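> Take a look and give me a structure for this.
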Amino acid sequence: MHPGWIVPDWPAPAGVHALCTTRAGGASAAPYDSLNLGDHVGDAPGAVAANRGTLQQGLARQSPGARAVFLRQVHGVQCLHLGASTPDGAPADACVSNAPGRVCTIMVADCLPVLLAHRGGGVVAAAHAGWRGLAGAAGQGVLESVFKEFSALALSGQAPAAPETIARDTLAWLGPCIGPQAFEVGGEVRAAFCDHDPGAQAHFSAQAGGKFLADLPALARRRLAALGITAIHGNDGSAPWCTVANPSRFFSHRRDGAALGGSGRFAACVWIA
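Here you go, the predicted structure:
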């Protein structure tokens, strides 16, 4: 694995692997330099193919036969179950797998990647949590959607158990995203969370002109905790995790999309060896 990539610091069970790429180690030219994994952002197709090949090689070094499955992310809540032959390009914003070598892969450039693993080692999942997918509708967003499928797989072939039992045995890792000092949003974003959950107001800071600064990782932690998931690791909202504030390490659509004409995508991955 490239030394510039991130290895999640979480107590994953034996046989569960995870990584998060950065800008380092790729073939793309500016503004996609250098490890852009997105094939929909205007980068040269050959460079994207080479970059995805670099990721696949990194995965295979850890787990022979491991293959990243790339979704067509649409800022929704749909969750896809990855099987042995699932192709790239399925429209979904989350995925789960209990098949060894099928790598749950989420691409981001300001949105929050969330990885899940069951302590038993038999099921993993990943979710793309931008504000739309995280908020969802009536309190049912992408994290609720992926945890429903995750729980079903965790219970497959086992005695019935209450959802809180699965949640207690679930680990979560939050990857880099736009930080709480950079994520300025309008009142409609705040309403999408607070109309259903008034307590979410604590994660919005009022600014001039009716705007707010939103703490995306804190909002995700709140939603995970509401599901009963308390073993949450990774992004705590501090500066080193902010995609906008770390241009040499992370892509950021908000920082670079307009200023430079485009932004690449990095990826968070989790899989069973």
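> Against which helices or strands is the helix or strand bottoming out on mean pLDDT in the chain packed?
In the chain, the helix or strand scored least confidently by mean pLDDT, DSSP states H and E is helix 163-168, which has a mean of 86. Where contact means 3 or more Cβ pairs under 8 Å, 6 or more residues apart in numbering; DSSP states H and E, helix 163-168 is packed against helix 142-155. Yep, even glycine has a C-beta here, placed from its N, CA and C like the rest.
> which residues touch the residue nearest to Val114 when sequence neighbours are not counted?
Leaving out its chain neighbours, the residue that sits closest to Val114 by Cβ to Cβ, 6 or more residues apart in numbering is Ala127, at 4.5 Å. For Ala127, the contacting residues are 79, 93-94, 106, 113-114, 116, 133, 142-143, 146, by Cβ atoms under 8 Å, 6 or more residues apart in numbering.
> Which of the residues you listed sits closest to Ile178?
Pro113 (12.0 Å; Cβ to Cβ).
> The closest one bridge partners, please.
His128 (DSSP bridges).
> Specify the angle between the next helix or strand after the least confident helix or strand of the chain and helix 142-155 in degrees.
With elements assigned by DSSP states H and E, the helix or strand that comes after helix 163-168 is strand 170-174. With axes from the mean of the first three to the mean of the last three Cα atoms, to 10 degrees as the basis, strand 170-174 and helix 142-155 are set at 140 degrees to each other.
> tell me the mean pLDDT over strand 170-174?
Strand 170-174 carries an average pLDDT of 98.
> so what does that strand touch, helix or strand wise?
Short answer (3+ Cβ pairs under 8 Å, 6+ apart): strand 170-174 packs on strand 112-118, helix 142-155, helix 216-226, strand 231-234.
> One more pass at 6 Å, please.
strand 112-118, strand 231-234 (3 or more Cβ pairs under 6 Å, 6 or more residues apart in numbering; DSSP states H and E).
> The last one pairs with which strands?
Read that as strand 231-234. Partners of strand 231-234 in its sheet, by DSSP bridges: strand 170-174 (parallel).
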